[in-house]
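Enquirer: predicted structure and sequence below. I'll ask about it afterward.
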Amino acid sequence: MNDNRNMILAVVLSGLVLLGWQFFVGQPQLEAQLANQQQAQSNVPAAPSQPDGAQSTSAGAVSAPGTASNDKVLSRDAALDLSARVAIETPRVNGSINLVGARLDDLHLKDYRQTLAADSDTVILLSPKQSPEPYYADLGWVAGAGAGIKVPAEDSIWSLAQGDKLTPTSPVTLAWDNGEGLTFKRTITVDENYMFSVTQAVENTSGKDVTLYPYGLVVRKGEPQTSGYFVLHEGMIGVLGEDGLQEVDYSTLIEEGSKKYAKASEGWLGITDKYWATALVPAAGAEYEGRFLYSPASTNFQADYLGSATKIAAGSTAEVSSKLFAGAKESNLIDAYEAADNIKNFELMIDWGWFYFLTKPMFWLIDLLYSIVGNFGIAILLVTVLVKAVFFPLANKSYVSMSKMKLVQPKMQDIREKYKDDRAKQQQAMMELYKTEKINPMAGCLPMLIQIPVFFSLYKVLFVTIEMRHAPFFGWIQDLSAPDPTNLFTLFGMIPWDPPALLMLGIWPLIMGVTMFLQMKMNPAPAEPAQQMIFNWMPVMFTFMLASFPAGLVIYWAWNNSLSIAQQSIIMKRQGVKLELFDNLKSMFSRKAKEDGEKS
C-alpha cells in the first residue's frame, strides 16, 4: 500500500464534496423573473378556502383583496398617495396602513439598507398593489353562502376610530359600518420590532344572529428574483399543524396552482425571502385551514388561512385575534417570539437546513463570541480555534499515526520489494506491519473529514443568517456573507475590466490556496505521476472554486489550514519525524528547473 494513500484519499474526498457543493450552490442560476410587470389583470386573487356551501355575495364579501381589473401601475410614491393612510412609526420600522381595504401595504425596515453605501435606501418590505412590486397583508371576514351579509371588501373605505399614529405605545382602531347593523372594528398594535397584533371585532345590532369566518392573507404580485441557491428556500412557507413545515417554491406553485392543507389549531404561514419574511399567525388554539395559491391571471402568489365559524348573536360583539410578523429574520428575535407567543416551530422561518443540529449551534456560538469581541470575522476565527480544541484528541491521534507511517517507510519499502510480484502477500504483510506498529492507515483522513460538517454548517450560517449580512471583518472585507471583492485578474482594481465569474479571484482565496498548498507539501510527494498531479493541482482548483464562496468561509478555511500546519508540525517534531515541507518545496523547484533545462 502506498504510504501516501491516506492523504490522497483525504484530499480527493474533500475535493469531491466541495465539487458537489459548488455544483449545487457555488454558481447559482438566478430564477427567471416573469417577463415585464404588466398592468394589473382582471380576476382578483382567490379568497381563502370557503366553508361548505359558501359563495360570493353581491358585495364581493368572499373575494379577498387583490388587484382590480383597471388598476394602473404607478411609482411607489404615487401609489401611496392614492388613498388616506395611518402612519406607522417604531424604532425599527416605518410605513403606513391603507384606509382603503385597511391593508398593511407600506413598510420600511429602518435598520437595513439595500447596499453597503451609507446613503443607500432602507429595505422596503411591503408595497401597495398599484406599485411596481405589490406585496401586502390583509385580514378580514367572509360570510357563508346565501347569508346576504355585507362585509368589508377590498375597496371599502375605513375610518380612523381611535389613535392617530401606530407606535409601540399607541395602538390604532379602524372602523367600517355595513349600514345593515354590523360594525367592523380592527385594532392594531405593534411592538418595538416586527410583530403586529390585530384584533377584529364585529358589533351586531342587526337584530338577528350572524355567522362569519375570519381570514388572513399575504399577497405578492409577480415572481420575485430569488438568490437561486439550492441550499436556501425562498417562497411560500409555513408550519401547519400535523402537516408540519411546508416549503413551496414559486415555480412549484406556478405549476400546481394551489396547495391546501388539513385543518390545524397551531402554526403559521406566509412568504419568505432570504433575509425577510411576512407571516400570519392565527390565534393559538383556534382551528383554521391554510393554503398557498398562485393566480395565473393576476400573477399573484398568496398565503392565506380561513378560520372556523364565529357566531355573533344579536345585540352582542364577537372578536378574534391574530398576529402578523413583517420584518427581518433575526434568529434571537424569532426564537423570542416562538417562546413568548407559543408559535409552533417559528424558528424554522430561518432555513437552517437538514443539518439544523449543527448549523444553529454554530450560529449560536459565533453570535455569542461576536457579543464579546464585536466582530463576526474575529468570532469565526475563535470558533475555528474552539473546534480545533474540541477535536484535538482525535486530530492528535491522526497526526501521530501519520508520523508513525513515515517512521516505518523503510520497512514498507522492504515489503514492496520482497513481494513486488504478489500483491496479495504484499497487502497482508502491510496489514501485519500496521498491527505491530499500532498504525491506523486511514487515520490521515480524519483531519480533513472533521472539517467537512463544520464547513457545511458555517457555510449555511454565513449564507442564511441576516446577522452576517453586511457584517465587516477588516480592510477590504466589508461583508462576510459576500465573496472577496478584490480580484487578481484586474490587478486588484488597477485594470478597468469586468472579468467573467470564472476569473474572480480575490486576496483571501489566494491566501487560502497558499495555506492549503503548504499543508499538502508537509507530507512526502507521491511516487506516482498521477498522484503528484493531484497534489500539485488540488490547491489551485480549490482556490478558484472557493473564490465565489462567502469571504467568511474562505477566511475560516485559510485560518484552519494555518492551525493545522502548526498542529501537525508540533506533533511530528515530538514524534521525531522530519518535516517534509522545505524539502518538498526545494525538490519541486529544483525538478522544475531541471525540466526547463532539459527542454532548452
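Expert: Nice, I can see it. Numbers count the residues shown, from 1 in each chain.

Enquirer: tell me how the protein divides into domains.
Expert: 76-344, 360-594 (automatic domain parsing).

Enquirer: mind listing the helices for this protein?
Expert: 5-21, 76-80, 250-256, 331-341, 356-373, 376-390, 392-407, 409-418, 423-437, 446-464, 507-520, 529-546, 551-574, 581-599 (DSSP state H).

Enquirer: need the domains of the chain in a markdown table (columns: distance to residue 350).
Expert: Heads up, the C-betas are built off the backbone N, CA and C, glycines and all. A markdown table is the format used below for the domains of the chain (distance: least, CB to CB, whole Å):
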| stretch | distance to residue 350 |
| --- | --- |
| domain 76-344 | 5 |
| domain 360-594 | 6 |
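
Enquirer: for the protein, which residues score under the pLDDT cut-off?
Expert: For the chain, the stretches flagged by pLDDT under 70 are 1-71, 228, 440-448, 450-451, 501, 523-532, 578-600.

Enquirer: spatially nearest residue to the residue lying farthest from the centre of it, not counting backbone neighbours?
Expert: In the chain, the residue that sits farthest from the middle, by CA atoms, centre = their mean, is residue 418; the gap is 57.6 Å. Leaving aside its sequence neighbours, residue 418 sits nearest to residue 429 (CB to CB, 6 or more residues apart in numbering; 7.5 Å).

Enquirer: residues touching the one you found, list them.
Expert: 415, 418-419 (CB atoms under 8 Å, 6 or more residues apart in numbering).

Enquirer: residue 125 now?
Expert: 107-109, 135, 276, 278, 326-327.

Enquirer: can I get those in CSV including distance to residue 423 and neighbour count?
Expert: As requested, the contacts of residue 125 are exported to CSV (distance: CB to CB, whole Å; neighbours: other CB atoms under 10 Å):
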residue, distance to residue 423, neighbour count
107, 71, 25
108, 71, 17
109, 66, 21
135, 67, 24
276, 61, 21
278, 65, 24
326, 68, 25
327, 65, 25
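
Enquirer: out of those residues, who's nearest residue 399?
Expert: Looking at the contacts of residue 125 and their distance to residue 399, the nearest is residue 276, at 45.5 Å (CB to CB).

Enquirer: my guess is that closest one contacts residue 126. True?
Expert: No: using CB atoms under 8 Å, residue 276 is not in contact with residue 126; the gap is 9.8 Å.

Enquirer: what about the residue lying closest to residue 130 once chain neighbours are set aside, distance to residue 132?
Expert: Distances taken as CB to CB, 6+ apart place residue 79 nearest to residue 130, at 4.0 Å, with adjacent residues excluded. Here residue 79 is placed at a distance of 9 Å from residue 132 (CB to CB, to the nearest Å).

Enquirer: between these two, point out the one with more neighbours.
Expert: Neighbours per residue (other CB atoms under 10 Å) separate residue 79 from residue 132, with residue 79 holding more: 22 against 13.

Enquirer: which residues are in contact with the more buried one?
Expert: 127-131.

Enquirer: hmm, 7 Å instead?
Expert: 128, 130-131 (CB atoms under 7 Å, 6 or more residues apart in numbering).

Enquirer: kindly report the same for residue 342.
Expert: residue 284 are the contacts of residue 342 under CB under 7 Å, 6+ apart.

Enquirer: show me what counts as buried in stretch 159-166.
Expert: 160, 163, 166 (16 or more other CB atoms under 10 Å).

Enquirer: quick one: that stretch to chain centroid distance?
Expert: Between the centre of stretch 159-166 and the centre of its chain there are 37 Å (CA atoms, centre = their mean, to the nearest Å).

Enquirer: which residues outside that stretch are in contact with it?
Expert: 86-89, 97, 170-175, 185, 188, 190.

Enquirer: buried ones from these, can you make that a PyMOL selection?
Expert: Applying 16+ other CB under 10 Å to the contacts of stretch 159-166, the buried members can be selected in PyMOL as follows:
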select buried, resi 86+88+97+172+173+174+175+185+188+190
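
Enquirer: residue 126 and residue 216, how far apart?
Expert: 14 Å.

Enquirer: neighbour-wise, which of those two wins?
Expert: residue 216 (29 against 25).

Enquirer: what's the neighbour count on the residue nearest to residue 254 when sequence neighbours are not counted?
Expert: Sequence neighbours aside, residue 294 is the residue nearest to residue 254 in space, at 5.4 Å (criterion: CB to CB, 6+ apart). Residues lying near residue 294 (other CB under 10 Å) number 24.

Enquirer: residue 294 against residue 257, yeah?
Expert: Yes: here residue 294 reaches residue 257: they are 5.9 Å apart, a contact under CB atoms under 7 Å.

Enquirer: possible to save the buried residues of stretch 159-166 as CSV with distance to residue 402?
Expert: Converted to CSV, the buried residues of stretch 159-166 look like this (distance: CB to CB, whole Å):
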residue, distance to residue 402
160, 75
163, 71
166, 65
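
Enquirer: nearest to residue 298 among those?
Expert: residue 166 (28.6 Å).

Enquirer: distance of the spatially closest residue to residue 82 that is not a sequence neighbour from residue 474?
Expert: In space, and not counting its chain neighbours, residue 82 is closest to residue 130: 6.3 Å by CB to CB, 6+ apart. Using CB to CB, we find residue 130 at a distance of 46 Å from residue 474.

Enquirer: okay, these two: which has more neighbours?
Expert: With neighbours defined as other CB under 10 Å, residue 130 and residue 474 compare such that residue 130 has more, 22 against 10.

Enquirer: mind listing what the more buried one touches?
Expert: Counted by CB under 7 Å, 6+ apart, residue 130 has contacts 71-74, 79, 82.

Enquirer: mind listing which of those are in strands?
Expert: Mapping the contacts of residue 130 onto strands (DSSP state E) picks out no residues; all lie outside.

Enquirer: go through stretch 198-212 and flag the buried ones.
Expert: 198-204, 206, 210, 212.

Enquirer: between those residues, which is nearest residue 458?
Expert: Nearest to residue 458 among these: residue 198, at 38.9 Å, using CB to CB.
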